[in-house]
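>>> Task: produce atomic coordinates for the following.
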Amino acid sequence: MELLSPGGSIEKIETAFTYGADSVYFGLKDFSLRTNAKNVEYGTADKLREIKKRFGGKMYCTVNIYFHEDDISKLEEKLDSITDYPFDAFILSDIGILDVLRSRFPSAEYSLSTQASCINARSARMYHQMGFNKVILGRETPLRDIRKIKDANPDLLIETFVHGAMCMAYSGRCFLSSHLAGRSGNYGDCAHTCRWNYRLALEEESRPGRYYPILEENDWTTIMSSKDLCMIDHLADLRDAGVDTLKIEGRMKSIYYVASVTRAYRKALDHLYDPSVEYLPYREELFNVSHREFSTGFFFGNGPVDVDEADSLVAVDDINVPTTGGYLRDYMFLGTVLDQVAPGVYSIDIKNQIRNGETIEFIGPDVLFIREDHVSVLDADFKAIDHLDHCRTGYIKTSAPLQRGYIIRKEIKLS
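Predicted coordinates:
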């Protein structure tokens, strides 16, 4: 099975490949359902070709907004500027755009976005006949239906999300953000209003205008906030159902998230085909990145299911029960290692403050973590300083054997 990871920026694309992705997906600026991700700027073709040559993986471009008339003309104006980009495939929601792209990219492959809500074999066959070689099924599709879809369409590639955030609406078709925040989720500008804290109240029929509060979780409730999807313990089930591509959600997430989650699924996939590959310690790392409560989504139906896998990381539970809180995380992302500039001295890309003498950790593609109990931080002139802040040029001095792309983090200590 193919492992497809998010690449919301050039840096994330490199990170995803470094940590084990077979392919990456990223948005075309102005036409992607993640407008707040950096997406791919026009004029980056040379850099993308260099990355593709270095790693050898595939690159999928998402053009998955729903197009109004003005949007189509804007897309056509932009296409000439991306004809030399190394895209292997395009991901579309709006089927009317298929011919627009095919006329410019006849050799590319085309994937139907999960936004199109394809959840049955007849729909999958229709999209295949239209020219889509892959269908990204709606997250509502259970394993038993995936098997039926694949059996009925053996030449059609099947992709499904296996990890990350889930929308409370039907495959993301939601107007809540537009209504409450004036930001359209179908244009990639979702305000995540389903994640907000709400206060509920009752109004009795004979007493209009008098509201009786219903209070939960410190006076607020998250009745619409769905749990995160996590299928790392069920890759064999996905394989047996006929899934070809496992997709990780998270173009808006941090580089640390992309690295850690991609690495965990890479190890789990390798273990699936070669049991000698160790993956359990990497699986446990999923708890250390920012996440909500985990769930198996709709893969086993929409109610409680008995599973004979006592050591499963995620209980197969009732997807109808919302998460009771926000993000959970045990570590803070501090930055990434760049180059070794002197023995034991490395330049770094700083994302959060690093203090001299504090305990930090490094993770790598095949290194679970390396602990540094007393890190030394240096300024741009290689002089010892008290701390380094985001956007500052600086270095760290360590005896740890580091490589470019290693992630720097520190444990969050709760008082």
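>>> Same question for the helix or strand harbouring His271: list its buried residues.
Assessed by DSSP states H and E, His271 sits inside helix 255-273. Neighbour-count burial for helix 255-273, counted by 16 or more other C-beta atoms under 10 Å, picks out 255-271. Any C-beta I mention is one placed from the backbone N, CA and C, and that applies to glycine too.
>>> With stretch 118-126 instead?
Within stretch 118-126, the residues that count as buried by 16+ other C-beta under 10 Å are 118-121, 123-124.
>>> Of those, which belong to strands?
Among the buried residues of stretch 118-126, no member is found in strands (DSSP state E).
>>> Tell me the one among these nearest to Arg139.
Using C-beta to C-beta, the shortest approach to Arg139 within the buried residues of stretch 118-126 belongs to Ile119, at 9.2 Å.
>>> Contact partners for that closest one?
Contacts here follow C-beta atoms under 8 Å, 6 or more residues apart in numbering; on that basis Ile119 touches 137-138, 140-141, 145.
>>> In helices, which of these fall?
Secondary structure from DSSP state H places Asp145 of the contacts of Ile119 in helices.
>>> Dump the contacts of Ile119 into JSON lines; add pLDDT, distance to Tyr211 and neighbour count as well.
Putting the contacts of Ile119 into JSON lines (pLDDT from 0 to 100; distance: C-beta to C-beta, whole Å; neighbours: other C-beta atoms under 10 Å) gives the following:
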{"residue": "Leu137", "pLDDT": "96", "distance to Tyr211": "42", "neighbour count": "25"}
{"residue": "Gly138", "pLDDT": "92", "distance to Tyr211": "37", "neighbour count": "23"}
{"residue": "Glu140", "pLDDT": "90", "distance to Tyr211": "34", "neighbour count": "17"}
{"residue": "Thr141", "pLDDT": "94", "distance to Tyr211": "40", "neighbour count": "24"}
{"residue": "Asp145", "pLDDT": "98", "distance to Tyr211": "42", "neighbour count": "18"}
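>>> Farthest-apart pair in the contacts of Ile119, please.
Gly138 and Asp145, at 10.0 Å, using C-beta to C-beta across the contacts of Ile119.
>>> mind listing the helices for the stretch 1-150 of the chain?
All helices of the stretch 1-150 of the chain, identified by DSSP state H, counting those that start in this stretch, fall at 10-18, 45-55, 69-79, 97-104, 121-130, 143-152.
>>> The ones you listed: lowest mean pLDDT?
Among the helices of the stretch 1-150 of the chain, helix 69-79 carries the lowest mean pLDDT, a mean of 89.
>>> can I get the buried residues of stretch 118-126 in TSV with distance to Gln340?
Formatted as TSV, these follow (distance: C-beta to C-beta, whole Å):
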residue	distance to Gln340
Cys118	48
Ile119	50
Asn120	54
Ala121	54
Ser123	53
Ala124	50
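>>> Centre-most residue in this protein?
Residue closest to the mean C-alpha point of the chain, counted by C-alpha atoms, centre = their mean, is Gly250 at 2.0 Å.
>>> I figured that residue was touching Val261, is that so?
Yes. Contact status for Gly250 versus Val261: in contact at 6.9 Å, counting by C-beta atoms under 8 Å.
>>> which stretches of the stretch 301-415 of the chain aren't confidently modelled?
302-328, 414-415 (pLDDT under 70).
>>> one more time with 80, if that's ok
301-329, 413-415 (pLDDT under 80).
>>> And the strands in it?
Counting by DSSP state E, counting those that start in this stretch, the stretch 301-415 of the chain has strands at residues 331-342, 345-350, 354-355, 360-364, 367-372, 376-378, 387-388, 395-397, 407-411.
>>> and what of the stretch 151-300 of the chain?
Using DSSP E, counting those that start in this stretch, strands in the stretch 151-300 of the chain cover 157-164, 200-203, 211-214, 228-230, 245-248, 294-295.
>>> So which of the ones you listed is nearest Met59?
Between the strands of the stretch 151-300 of the chain, strand 245-248 lies closest to Met59; by C-beta to C-beta that is 13.8 Å.
>>> can you list the residues that contact that closest one?
Strand 245-248 is contacted by residues 1-6, 23, 25, 134, 136, 157-164, 231, 235, 238, 258, 261-262, 265, 269 when judged by C-beta under 8 Å, 6+ apart.
>>> who touches Ile354 in this structure?
334-335, 348, 360, 375, 377, 387-388, 394, 396, 408, 410 are the contacts of Ile354 under C-beta under 8 Å, 6+ apart.
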